[in-house]
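Engineer: sequence first, then the predicted structure:
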Amino acid sequence: MKFWYLSVNLFLLFFVSCVVGAQQIQQYKLQEAFPHLSFDSPVDLQHAGDGTNRLFVVSQRGMVSVFENNPLAKSAQTFLDIRDRVIAAGELGLLGLAFHPDYEQNGYFYVNYTAANPLRSIIARYSVSEADPNAADNKSELILFHIRQPFPNHNGGQLAFGPDGYLYIALGDGGSAGDPQNNGQNRSSFLGKILRIDVNATSGETFYGIPPDNPFAGNTKGFKEEIYAYGLRNPWRFSFDFATGWLWAGDVGQNSWEEIDIITKGENYGWRVMEGNHCYNPSPCNTTGLALPVWEYGHDNPGGCSITGGHVYRGKKLPELAGRYLYGDYCSGRIWALRYDGGNSVTNTLLLKEDVNISSFGIDEDHEIFICDLNGKIYELSTVTSSPTATPTPIIKGKIFGYVMDNKGNFIKSARIKLKGKETRKKTLSDTAGFFEFTGIEGATYKVIAEKTGYKKTRQMITMNDGEEKEIMLEMKKTVDGKVNLLLNKEVFWQGGA
Ligand SMILES: [Ca+2]
Ligand SMILES: [Ca+2]
């Protein structure tokens with residue numbers, strides 16, 4: 001038996017070697033960049049641009065960790081801890097971090113996070129502590145502005161300084177599904193935009209200035225002067241390519257299309273009129289004046305369900321990827337390389353598919369690229385040489401997650417959530433944010449039921465394909481003496497959708 005086993009293995013080894021020798025194909029895999037380090041829900045990786053070769057990892061819950069950019073790094077130090085003011089769950093949390101271009105001199109850095117009561121996004125400045133370069137001063141917070149969030153999802157998150165020295169800020173359409181408030185197209189709203197502000201100036205009572213060449217600077221129509229570009233759904237991650245100065249954004253789609261946009265000043269990127277290259281609402285639609293994506297991919301196989309924008313690769317370790325825009329999909333674990341030089345030709349190459357939830361990409365001071373997996377690890381890309389006949393095993397996993405809220409937008413704690421369908425599961429929410437998730441779900445139709453004493457039972461049907469991840473929001477209405485209190489039942493919002 002043992003001999004047989006050994007023989008088969010030797011045969012396979014020989015066979016595979018021959019194939020590889022005959023036709024080598026360059027492929028990629030993810031490799032742990034810092035094997036000794038794990039993080040609590042990492043959503044971003046940044047460097048301070050101060051020549052110290054440190055990396056900063058953002059944890060969604062409200063922390064930033066700092067460590068030496070060395071694969072042997074044994075531990076990370078807490079740089080910032082603002083968990084006391086961040087509300088984190090689902091798409092809420094500490095979502096973005098950017099160091100001031102003159103950080104080495106002024107010690108300023110900026111964060112984008114969500115806070116509760118009322119639900120809002122906050123853009124704030126912090127300072128490094130005077131005593132320890134690896135610690136921020138938690139008391140140094142200076143809030144630049146608050147933006148009310150009508151729903152818990154689609155909060156954007158990215159912050160980055162452009163080559164012009166201005167701070168660019170991503171804000172999603174506010175949430176729910178289908179942009180019910182039409183914020184993307186409303187230039188009097190901050191939501192569904194990329195904003196641009198001058199943090200080195202003040203203007204009236206604000207702690208920032210409006211760059212004089214912002215598209216709506218000085219307008220008299222009530223448009224927000226901070227707007228740089230609009231018509232975006234949820235530009236979770238964007239980045240600047242320093243070689244071209246282009247601003248690349250991954251705009252997360254609704255039900256069908258994920259898109260990559262090159263963002264230019266004053267342009268309208270189409271949402272909610274269009275999702276990718278397709279009319280969404282209304283359909284058919286008038287596409288005049290709308291900027292189309294440079295690339296889109298569908299939710300069908302082999303796509304995904306939520307784009308995570310990356311970076312144009314300008315490092316040295318992977319020369320064959322130089323100048324390619326590397327990006328991924330949160331749900332499917334795919335990473336692609338897109339080649340686009342401004343002409344008509346676009347080439348998109350799948351680099352890999354792995355069992356990770358890609359929350360963000362980051363680069364170090366040498367422009368080498370890293371990948372954040374929401375499950376805790378930081379990866380880098382490495383090349384492998386393998387047989388062209390090797391086919392990856394499909395991964396079947398899915399997730400249903402969401403929130404339980406009342407009809408005034410408050411989270412409901414300690415509700416009991418039941419999933420019924422191909423299998424039955426139960427959960428009691430202990431989470432302060434009324435957030436729940438069921439992972440490892442097979443494709444099927446399920447009923448999600450929320451119950452809590454004093455509230456009317458709520459049900460929602462949801463159909464999942466294998467590997468899909470869907471977000472739902474359950475709204476519960478209060479009852480009075482066992483009856484639904486109709487006075488509270490004035491607004492009915494989102495039921496269903498991804
Ligand atoms: Ca929101
Ligand atoms: Ca678009």
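Structural biologist: Alright, I've got the coordinates. Ligands and ions are numbered 1, 2, ... in the order given.

Engineer: which single residue of the stretch 1-150 of the chain ends up nearest ligand 2?
Structural biologist: residue 91 (19.0 Å; CB to the ion). C-beta coordinates here come from the backbone N, C-alpha and C atoms, glycine included.

Engineer: my guess is that residue contacts residue 156. True?
Structural biologist: No. Here residue 91 lies out of contact with residue 156, judged by CB atoms under 8 Å, at a distance of 9.4 Å.

Engineer: quick one: which of the two has more around it?
Structural biologist: residue 156 (31 against 27; other CB atoms under 10 Å).

Engineer: next up, the contacts around the closest residue to that one other than its chain neighbours.
Structural biologist: Nearest residue to residue 156, sequence neighbours excluded (CB to CB, 6 or more residues apart in numbering): residue 170, at 3.6 Å. Residue 170 sits next to 96, 112, 156-159, 194, 232, 235-238, 249 when contact means CB atoms under 8 Å, 6 or more residues apart in numbering.

Engineer: which one of these is nearest residue 357?
Structural biologist: Residue 357 has its nearest neighbour among those in residue 236, at 12.9 Å by CB to CB.

Engineer: torsion angles phi and psi at the closest one?
Structural biologist: phi -50, psi -50 (degrees, to the nearest 10).

Engineer: that one - how many residues pack around it?
Structural biologist: For residue 236, using other CB under 10 Å, the count is 27.

Engineer: ok, now the one 5 residues further on?
Structural biologist: Taking other CB under 10 Å as the criterion, the count of residues near residue 241 is 17.

Engineer: can you give me the pLDDT of it?
Structural biologist: Note on residue 241: pLDDT of 98.

Engineer: look up how far residue 308 lies from the residue nearest to residue 90 when sequence neighbours are not counted.
Structural biologist: Distance criterion CB to CB, 6+ apart; nearest residue to residue 90, sequence neighbours excluded, is residue 435 at 5.3 Å. Residue 435 sits 20 Å away from residue 308, taking CB to CB, to the nearest Å as the criterion.

Engineer: the more surrounded of those two?
Structural biologist: Remark: of residue 435 and residue 308, residue 308 carries more neighbours, 25 against 20, as counted by other CB under 10 Å.

Engineer: surely that one touches residue 359?
Structural biologist: Yes. Using CB under 8 Å, residue 308 is in contact with residue 359, at 6.6 Å.

Engineer: identify the contacts common to these two.
Structural biologist: residue 330.

Engineer: returning to that earlier point: the residue nearest to residue 156 should be in a helix, yeah?
Structural biologist: No. Using DSSP: H, G, I helix; E, B strand; the rest coil, the assignment for residue 170 is strand, not a helix.

Engineer: contacting residues around the residue nearest the centre of the chain?
Structural biologist: Nearest to the mean C-alpha position of the chain, by CA atoms, centre = their mean, lies residue 236 at 4.3 Å. Counting by CB under 8 Å, 6+ apart, residue 236 makes contact with 95, 156, 157, 158, 170, 172, 250, 252, 306, 307, 308, 309.

Engineer: what's the closest non-adjacent residue to residue 312?
Structural biologist: Nearest one to residue 312, counting by CB to CB, 6+ apart, is residue 241 at 3.8 Å.

Engineer: scratch that, residue 326 is what I was asking about
Structural biologist: For residue 326, the closest residue by CB to CB, 6+ apart turns out to be residue 310, at 4.4 Å.

Engineer: still on that earlier bit, residue 429 is in contact with the residue nearest to residue 90, correct?
Structural biologist: Yes. Between residue 435 and residue 429 there is a contact at 7.3 Å, judged by CB under 8 Å.

Engineer: enumerate the residues of the stretch 51-200 of the chain near ligand 1.
Structural biologist: 149, 151, 154, 155, 174, 175 (CB under 5 Å from the ion).

Engineer: quick one: the strands in the stretch 1-150 of the chain?
Structural biologist: Along the stretch 1-150 of the chain, the segments classed as strands by DSSP state E, counting those that start in this stretch run 25-32, 42-46, 54-59, 63-68, 77-81, 94-99, 108-115, 120-128, 136-148.

Engineer: against which helices or strands is the fourth one packed?
Structural biologist: Helices and strands touching strand 63-68, by 3 or more CB pairs under 8 Å, 6 or more residues apart in numbering; DSSP states H and E, are strand 54-59, strand 77-81, strand 94-99.

Engineer: neighbours of whatever residue of the stretch 1-150 of the chain ends up closest to ligand 1, how many?
Structural biologist: Ranked by CB to the ion, the top residue of the stretch 1-150 of the chain for proximity to ligand 1 is residue 149, at 3.8 Å. Applying other CB under 10 Å, we find 25 residues neighbouring residue 149.

Engineer: partner residues bridging the residue nearest to residue 156?
Structural biologist: Counting by DSSP bridges, residue 170 is bridged to residue 194.

Engineer: repeat that for residue 416.
Structural biologist: Beta-bridge partners, per DSSP bridges, of residue 416: residue 428, residue 451.

Engineer: can I assume residue 378 is in contact with residue 30?
Structural biologist: No. Using CB under 8 Å, residue 378 makes no contact with residue 30, being 9.9 Å away.

Engineer: any chance you could list residues touching both of these two?
Structural biologist: In contact with both residue 378 and residue 30: residue 371, using CB under 8 Å, 6+ apart.

Engineer: circling back: JSON lines for the strands of the stretch 1-150 of the chain, including mean neighbour count, mean pLDDT and distance to residue 222?
Structural biologist: JSON lines is the format used below for these (neighbours: other CB atoms under 10 Å; pLDDT from 0 to 100; distance: least, CB to CB, whole Å):
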{"stretch": "strand 25-32", "mean neighbour count": "15", "mean pLDDT": "85", "distance to residue 222": "47"}
{"stretch": "strand 42-46", "mean neighbour count": "24", "mean pLDDT": "98", "distance to residue 222": "33"}
{"stretch": "strand 54-59", "mean neighbour count": "25", "mean pLDDT": "98", "distance to residue 222": "34"}
{"stretch": "strand 63-68", "mean neighbour count": "21", "mean pLDDT": "98", "distance to residue 222": "36"}
{"stretch": "strand 77-81", "mean neighbour count": "19", "mean pLDDT": "98", "distance to residue 222": "36"}
{"stretch": "strand 94-99", "mean neighbour count": "26", "mean pLDDT": "98", "distance to residue 222": "27"}
{"stretch": "strand 108-115", "mean neighbour count": "23", "mean pLDDT": "98", "distance to residue 222": "24"}
{"stretch": "strand 120-128", "mean neighbour count": "21", "mean pLDDT": "98", "distance to residue 222": "21"}
{"stretch": "strand 136-148", "mean neighbour count": "15", "mean pLDDT": "97", "distance to residue 222": "16"}
